[in-house]
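Student: Output the structure for:
(2 chains)
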Amino acid sequence: MENRRFCRGGVAGEILALLAAALVLSAVSYPFLGAGWRQGLSQFNPLAVSVLEVKKNSRPILWVDARHEPERLRDPGPSGSVALNEDTWNLEPLLLAWKPPQAVVVFCDGHGCQASRKVAERLAREMPALSARFLEGGLPALRQSSPESSRTSPP
Amino acid sequence: MKARVLRFLGLALLAGLWLWAAVPKIANPGAFYDAILGFRLIPEPVAVAAALYLPWLEFAIALGLLWPRLRRGSLVLTAGLMIVFGCALAAAWSAGLDLSCGCFGASGEKTVLPLAILRNLCLLVLSLLLLRFPAPPSRTSSS
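Tutor: Numbers count the residues shown, from 1 in each chain, chains lettered A, B, ... in the order given. Take a look at the predicted model:
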């Protein structure tokens, strides 16, 4: 009986009924969510990139150091990295160093620092061709995943 | 009798998992929206629609599994969604994404993607088995 129903499209009807029920339920419930259901919830930033993504990326990487000079001198990042931060916005070293198809990844000190995000966002606005991203967790995350490469490997 | 009990347990397990997955997402679609965007597979407007629609579909499937008239359709949708979710998890794994899948609402913990894919595979096999072996005819049931 059930097999015959399946062949005659009974299952298709059941599926349509379930899809329609979900549509009705989501439409009915939507007004109860309020206008601000997305406000303040989104932590997602499309420019963020994780260390794992960087490691799996087949393209060579040009690291951009968004830290200030004293921090850079005290604790150098990956060798070959280019300095760029919002206070001294000088794109020339970056443009000279960048060779397609290099991926541009901006880093700073860690989860608390916002400099890399700001630099990546500004680069995305001013130089979209670079497709700049910023590293989640910053230099500590990179060091934790590969202590050697974060200090010595060329970009 | 044994087959009937096993079938009931399988259906109850699937329905319970769907309910467990659906309720936190219905309560907090914003967090589910963030989780969907984290996969970087679909654009923002589609993610908004998915965040609002998918939890209710999961809820409907859970109820459908418990209602004999909608059971086969629910099992087909379960299998289909397990394939879709499994592909999304596999894509995230291959891209090296470090994310919280939001499968059971916003836990905040990063998902171990291979385990999540394995879980989906098990649920896919279970739903296909339940489809393949329908309920044995009952003396009291008219269907």
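Student: give me the number of residues near the nearest residue to B:K25 once chain neighbours are set aside?
Tutor: In space, and not counting its chain neighbours, B:K25 is closest to B:P55: 3.6 Å by Cβ to Cβ, 6 or more residues apart in numbering or on different chains. Just so you know, the C-beta spots here come from the backbone N, C-alpha and C atoms, and that holds for glycine as well. By other Cβ atoms under 10 Å in any protein chain shown, the residues close to B:P55 number 26.
Student: And the longest helix seen in chain A, what does it pack against?
Tutor: For chain A, the longest helix by residue count, based on DSSP state H, is helix A:10-33. Identification of packing neighbours for helix A:10-33 by 3 or more Cβ pairs under 8 Å, 6 or more residues apart in numbering or on different chains; DSSP states H and E yields helix B:44-66, helix B:71-94.
Student: Relative to B:L65, how far out is the residue most central in space within chain A?
Tutor: Nearest to the mean C-alpha position of chain A, counting by Cα atoms, centre = their mean, stands A:A48 at 2.0 Å. Per Cβ to Cβ, to the nearest Å, A:A48 is found 38 Å from B:L65.
Student: who touches the longest helix of chain A?
Tutor: A:5, B:26, B:29, B:52-53, B:55-57, B:59-61, B:64, B:69-74, B:76-77 (Cβ atoms under 8 Å, 6 or more residues apart in numbering or on different chains).
Student: The next helix or strand after it and chain B, any residue contact?
Tutor: The element immediately downstream of helix A:10-33 (helix or strand, assigned by DSSP states H and E) is strand A:48-49. No - using Cβ under 8 Å from any Cβ of the partner chain, strand A:48-49 stays clear of chain B, with a minimum separation of 9.4 Å.
Student: Not counting sequence-adjacent ones, nearest residue to the residue of chain B found nearest chain A?
Tutor: Using Cβ to the nearest Cβ, the closest approach of chain B to chain A is made by B:G73 at 2.5 Å. Once flanking residues are discounted, B:G73 sits nearest to A:E14: 2.5 Å by Cβ to Cβ, 6+ apart.
Student: Could you do A:V64 as well?
Tutor: A:V64 sits nearest to A:V106 (Cβ to Cβ, 6+ apart), 4.3 Å away.
Student: Phi, psi for A:P101 please.
Tutor: Dihedral pair for A:P101: phi -100, psi 40, per degrees, to the nearest 10.
Student: about what we covered before: sort out which residues of the longest helix of chain A are buried, please.
Tutor: A:G10, A:V11, A:E14, A:I15, A:A17, A:L18, A:L19, A:A21, A:A22, A:L25, A:S26, A:L33 (16 or more other Cβ atoms under 10 Å in any protein chain shown).
Student: Name the nearest residue to the second one, ignoring sequence neighbours.
Tutor: Think A:V11. Per Cβ to Cβ, 6+ apart, closest to A:V11 is B:R72, 4.9 Å.
Student: you'd agree the one you found is up against B:F133?
Tutor: No - the pair B:R72 / B:F133 is not scored as a contact, 11.9 Å apart, by Cβ atoms under 8 Å.
Student: what about the two, which has more around it?
Tutor: B:R72 (22 against 12).
Student: could you measure that one against A:I15, distance?
Tutor: 9 Å.
Student: same deal with B:F104?
Tutor: 24 Å.
Student: and what of A:Q102?
Tutor: 48 Å.
Student: Any buried residues in stretch B:84-104, and which?
Tutor: Buried residues in stretch B:84-104 (16+ other Cβ under 10 Å): B:85-86, B:88-89, B:92-93, B:95-103.
Student: Keep these, but drop any that are not near chain A.
Tutor: Among those, chain A is touched by B:A95, B:G96, B:L97, B:D98 when using Cβ under 8 Å from any Cβ.
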